[in-house]
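Student: what's the 3D shape of this:
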Amino acid sequence: MKRALIVVVIVLAALAGALVTWLLLRQSAPPTVNSYAECVAAGYPVLETYPEQCRTPDGRTFVNPDATPIGPTGEFTSEGGTTITLDGWTDALVASPLTITGEVPGNWSFEASFSVQLTDAEGNVLVEAPAQLEGDWMTDEMVPFSVTLTFEPPPGTNPSGFLVLLKANASGLPENDDSVRIPIVFE
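Tutor: Just a heads-up that it's a prediction; the model follows:
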């Protein structure tokens, strides 16, 4: 009798294990996600970044292709109200090396240069380099500039950051500081 009870318990445990295995194998596989639209449709979180990004549980990120590009005209306004122009700036996706050309007022420079930075989303500086003005920089008029930034994308899963143009401030006085912060996404 005791032996028969043990056999019944073992058979029931084996059947229960087989049933659990069968139920687990029947569950549908996670949806295949290969685009922003598929990521959103699967119910994965949309990050509050610009442009919007959807992140899958395995860490892949998809950027909303329908987002309005940042700076379609390439004109940006600094914190102090100065208009800065970037040539050919049509979207916020950046990759290394990044060459930036445009125009700033000559008084934004000191000795014909000003600083340009790339930062991650938390504001940590990834690279900083001097932009060189190409022309008469001793003026308040717009003067062409260029700079090339070579960088490694930030570690982690947040691919967003900022392109920061900093007015040269030889005086060191806070009232003479000015900058432009442009949201970007690292490719």
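
Student: measure the residue nearest to the spatial centre of the chain to residue 24 for me?
Tutor: Note on the chain: the residue nearest the mean C-alpha position is residue 160, at 1.7 Å, using CA atoms, centre = their mean. Per CB to CB, to the nearest Å, residue 160 is found 37 Å from residue 24. To be clear about C-beta, it is placed using only N, CA and C from the backbone, and glycine gets the same treatment.

Student: one more: residue 3?
Tutor: 32 Å.

Student: one more: residue 104?
Tutor: To residue 24, residue 104 is 61 Å away according to CB to CB.

Student: shaky segments in the chain?
Tutor: Along the chain, the model assigns pLDDT under 70 to residues 1, 25-30, 48-51, 67-73, 90-91, 157.

Student: rewinding a little: and residue 104 and residue 24? Which one has more around it.
Tutor: residue 104 (26 against 8; other CB atoms under 10 Å).

Student: from residue 118, how far out is the nearest residue to the more buried one once chain neighbours are set aside?
Tutor: Among residues not flanking residue 104 along the chain, residue 84 sits closest, at 5.4 Å (CB to CB, 6 or more residues apart in numbering). Between residue 84 and residue 118 the distance is 16 Å, computed by CB to CB.

Student: show me the helices in this protein, by range?
Tutor: 2-26, 36-41 (DSSP state H).

Student: between these, which one is closest to residue 148.
Tutor: Taking CB to CB, helix 36-41 is the member of the helices of the chain nearest to residue 148, at 30.1 Å.
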